[in-house]
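Trainee: A predicted structure for the sequence below; I have some questions about it.
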Amino acid sequence: MSRIGNSPITVPGGVDVTIADTEDGASVTVKGPKGTLSRTLPGVIKIRRDDASLVFDRPDDERASRSLHGLSRTLINNMVLGVTEGFSKELEIIGVGYRAEAVSPTQLRMALGFSHPVVMAAPQGITFEVPSQTRIIVRGIDKEMVGQVAANIRGKRKPEPYKGKGVRYLDEKVLRKAGKTGKK
């Protein structure tokens with residue numbers, strides 16, 4: 001039994017959830033104070049509304065149905081949380097001369113040791129915040145998109161294992177290697 005799939009999602013006040021059946025599955029649209037998100041669920045998973053909560057049902061106990069049951073519930077829960085609270089990922093930059101600045105809320109300029117500045121534009125619904133030169137906060141209502149943009153920023157200069165220089169997540173631990181030892 002899926003513990004995640006069986007637990008209902010409580011829909012807070014001010015959030016409007018619309019469920020429409022399509023030939024591919026159920027199309028779910030969540031509208032809240034921060035914006036609107038929509039997603040199509042797989043056809044085997046059925047979603048229904050009970051008062052102020054959403055309940056997910058699966059037709060059988062096959063492996064694919066069980067997998068999609070928990071996944072569908074988690075995706076819709078992330079949509080509800082996104083339109084009410086939003087999501088954020090924090091990155092830090094470590095290295096001499098490495099820094100970031102927000103040109104605008106949707107554009108980021110970074111100096112990462114290259115001969116040119118690295119400029120990144122945010123996709124629709126994502127904003128950048130730079131509280132200090134070595135700190136970047138990516139904010140948005142779509143958890144998937146926030147994580148992907150943060151991964152793209154980190155991918156511009158991944159932390160290297162000898163000195164630890166580069167862009168990393170705030171809570172990321174970088175495994176350090178010992179450098180060369182001198183001849184004695």
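Mentor: It's in. Residues are numbered from 1 along each chain as shown.

Trainee: Just the buried residues of the lowest-mean-pLDDT helix or strand in the chain, please?
Mentor: Lowest mean confidence among the helices and strands of the chain (mean pLDDT, DSSP states H and E): helix 3-6, at a mean of 87. Going by neighbour count (16 or more other Cβ atoms under 10 Å), the buried part of helix 3-6 is G5. The way it works is simple: take the backbone N, C-alpha and C, and place the C-beta from them, glycine included.

Trainee: likewise stretch 122-136?
Mentor: Using 16+ other Cβ under 10 Å as the test for burial, stretch 122-136 gives 122, 125-128, 130, 136.

Trainee: ok, back up a step: I'd like to know which elements the least confident helix or strand of the chain is packed against.
Mentor: Here helix 3-6 touches helix 63-84, going by 3 or more Cβ pairs under 8 Å, 6 or more residues apart in numbering; DSSP states H and E.

Trainee: CA-only coordinates of the helix it packs on in PDB, if you can.
Mentor: Extracted C-alpha coordinates of helix 63-84, given in PDB (Å, rounded to 0.1, in the frame of the first residue of the first chain):
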ATOM      1  CA  ARG A  63       3.900  -2.000 -10.100                       C
ATOM      2  CA  ALA A  64       3.300   0.800 -12.600                       C
ATOM      3  CA  SER A  65       0.000   1.900 -11.000                       C
ATOM      4  CA  ARG A  66       1.600   1.900  -7.500                       C
ATOM      5  CA  SER A  67       4.500   4.000  -8.800                       C
ATOM      6  CA  LEU A  68       2.200   6.500 -10.500                       C
ATOM      7  CA  HIS A  69      -0.100   6.700  -7.400                       C
ATOM      8  CA  GLY A  70       2.500   8.200  -5.100                       C
ATOM      9  CA  LEU A  71       4.100  10.300  -7.900                       C
ATOM     10  CA  SER A  72       0.800  11.900  -8.900                       C
ATOM     11  CA  ARG A  73       0.000  12.800  -5.300                       C
ATOM     12  CA  THR A  74       3.400  14.400  -4.800                       C
ATOM     13  CA  LEU A  75       3.300  16.400  -8.000                       C
ATOM     14  CA  ILE A  76      -0.100  17.900  -7.200                       C
ATOM     15  CA  ASN A  77       0.900  18.600  -3.600                       C
ATOM     16  CA  ASN A  78       4.000  20.500  -4.900                       C
ATOM     17  CA  MET A  79       1.700  22.500  -7.200                       C
ATOM     18  CA  VAL A  80      -0.500  23.400  -4.200                       C
ATOM     19  CA  LEU A  81       2.500  24.300  -2.100                       C
ATOM     20  CA  GLY A  82       4.000  26.300  -5.000                       C
ATOM     21  CA  VAL A  83       1.000  28.600  -5.500                       C
ATOM     22  CA  THR A  84       0.600  29.200  -1.800                       C
END
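
Trainee: Nothing else from me, thank you.
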